[in-house]
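Peer 1: okay, sequence plus prediction incoming.
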Amino acid sequence: MGVKVLLVVAILANAFPASADIEVVHSDYGTVNLAGYCIGRYDYCRDGVEPGSFSIRAVAPMVYGDVFEYGGYFILAYLNKPDVLIDAYGTFKAIPYTEIKVGQFLVPFGLETNQSTSKILCIDRSLISTNIAPAPPARDIGAMVETAYSPDNSPFYLRFGAAVVNGTGVNTRDDNKHKDLAARVSVNPLPFAFFEGLTAEGYFYYGKVNINDDPVNPGDRVLYGGADALDKPWFSVQGEYLAGSTDTEPIPGFAYKLESDGFYVQGSYKQRTPLLWLHTIEPLARYEVYNPDRHVADDRQAVYTGGVNVHFAEPHRCKLMVNYSWWEEESDKTNNDLIAAQFSVRF
């Protein structure tokens, strides 16, 4: 990992000038833009097993730009993770309203999974985003086509994305001869001013998994779901449902279809302040339910999360997040309530 980190740091150091006032660098073949975010957190679980601890959640520089009018690139690195390279893809945009990506990118499945870690409402992603959607950080290697249309002076938009990926996650070659397919449709169907910021989405994912890690014994993996969200300057609401089934064989010779599902609903109220150093105070709440196996009784998990986001600058630029999560687990009576605080800066 150390060699990877040093390599990324060296590339960034040589690519950008020392002055923080310069945001865009013009190279011989287009532009180079630098952005990113840094996130530190503290968490304490009331199960008494591990002590509370400070940690670095993300140190994530982004480099992106255009090499000519119809082509560009995007690179995202997590310097604090073993898998340093998270996003790395080239783009081609010669077709009207359409962008083609080739490389490693966000899989077009899920609403929360496709939101930046620096911009999600709660500190931790929902259980369905981390257990049903393609595994975090929700990236894979392949090719993707995304088409988007939005008329001028109207909140209406329509976006469709489809991808062919390995199905094995970040920085990993495929482990079988099959490729996975993912698709997402996103639309704002209400062309009225109040509904600017409305999103309605649907998803589908189909792929193959190696049963008991045997590439000659593939099984099906099917995921689907949908979400609705409305984000306004003074409030936000968001809800999502995901479900999936995966062929397994926990006992050799006895096939089993693992079926999971779950949902969450969340919302916040945004209160602007007159202080120069304090932009917005945002109290929030989320309720979520996750069923790891719908064929098994008493394994349902429910989590109630309450907290507040304190935005010191414009939203998500510099903020403090504080959450308390109450856990209800039918099969485990351990007190897994979580207290967490997180400070992030996005540049």
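Peer 2: Received, thanks.
Peer 1: how much space between residue 307 and residue 318?
Peer 2: The spacing between residue 307 and residue 318, counted by CB to CB, to the nearest Å, is 17 Å. Where you see a C-beta, it was placed from the backbone N, CA and C, and this is true even at glycine.
Peer 1: the two: which is more packed in?
Peer 2: Remark: of residue 307 and residue 318, residue 307 carries more neighbours, 22 against 17, as counted by other CB atoms under 10 Å.
Peer 1: contacts only, for the closest residue to that one other than its chain neighbours.
Peer 2: Sequence neighbours aside, residue 323 is the residue nearest to residue 307 in space, at 3.8 Å (criterion: CB to CB, 6 or more residues apart in numbering). Counting by CB atoms under 8 Å, 6 or more residues apart in numbering, residue 323 touches 122, 123, 124, 305, 306, 307, 338, 339, 340, 341.
Peer 1: hang on, the fifth one packs against residue 285?
Peer 2: It stands for residue 306. Yes. The pair residue 306 / residue 285 is scored as a contact, 5.2 Å apart, by CB atoms under 8 Å.
Peer 1: part of a strand, is residue 113?
Peer 2: No. If the criterion is DSSP: H, G, I helix; E, B strand; the rest coil, then residue 113 is helix and not within a strand.
Peer 1: give me the residues contacting stretch 53-73.
Peer 2: Against stretch 53-73 from outside (CB under 8 Å, 6+ apart): 8, 12, 15, 24, 27, 29-44, 74-80, 86-87, 89-94, 117-118, 342.
Peer 1: and with 7 Å instead?
Peer 2: Contact with stretch 53-73 is made by 12, 15, 29-43, 74-80, 90-94, 117, 342, as judged by CB atoms under 7 Å, 6 or more residues apart in numbering.
Peer 1: report the buried residues of that stretch.
Peer 2: By neighbour count on 16 or more other CB atoms under 10 Å, the buried set for stretch 53-73 is 57-67, 72-73.
Peer 1: OK, contacts around the residue nearest in space to the middle of the chain?
Peer 2: Closest residue to the average C-alpha location of the chain: residue 113 at 2.9 Å, with CA atoms, centre = their mean. Contacts for residue 113 (CB under 7 Å, 6+ apart) come out as 129, 133, 138.
Peer 1: and the closest residue to residue 321 other than its chain neighbours, how many neighbours?
Peer 2: Distances taken as CB to CB, 6+ apart place residue 342 nearest to residue 321, at 4.4 Å, with adjacent residues excluded. Neighbour count for residue 342, taken as other CB under 10 Å: 23.
Peer 1: what's the answer for residue 88, then?
Peer 2: Using other CB under 10 Å: residue 88 sits among 18 other residues.
Peer 1: how close does it sit to residue 103?
Peer 2: Applying CB to CB, one obtains 5 Å for the distance of residue 88 from residue 103.
Peer 1: next one: phi and psi at the residue nearest to residue 112 when sequence neighbours are not counted?
Peer 2: Once flanking residues are discounted, residue 112 sits nearest to residue 129: 4.6 Å by CB to CB, 6+ apart. Main-chain torsions, residue 129, degrees, to the nearest 10: phi -70, psi -30.
Peer 1: 293 is where my numbering starts, stick with that
Peer 2: Sure, I'll start counting at 293 from here, so that last one is residue 421.
Peer 1: my guess is residue 421 contacts residue 403, does it?
Peer 2: No. Between residue 421 and residue 403 there is no contact under CB atoms under 7 Å: 8.6 Å.
Peer 1: list the buried residues for stretch 327-335?
Peer 2: Neighbour-count burial for stretch 327-335 [16+ other CB under 10 Å]: 328, 329, 330, 331, 333, 335.
Peer 1: so the fourth one sits in a strand?
Peer 2: Put plainly, it is residue 331. Yes. Counting by three-state DSSP, residue 331 is part of a strand.
Peer 1: now do stretch 333-347: distance from first to last residue.
Peer 2: 5 Å (CA to CA, to the nearest Å).
Peer 1: any idea how far residue 344 is from residue 407?
Peer 2: Here residue 344 is placed at a distance of 27 Å from residue 407 (CB to CB).
Peer 1: neighbour count winner among these two?
Peer 2: Shown here are residue 344 and residue 407; by other CB under 10 Å, residue 407 has more neighbours (17 against 11).
Peer 1: what sits against that one?
Peer 2: Residue 407 makes no contacts at all, as judged by CB under 7 Å, 6+ apart.
Peer 1: ok, it to residue 501 distance?
Peer 2: Taking CB to CB as the measure, residue 407 falls 26 Å from residue 501.
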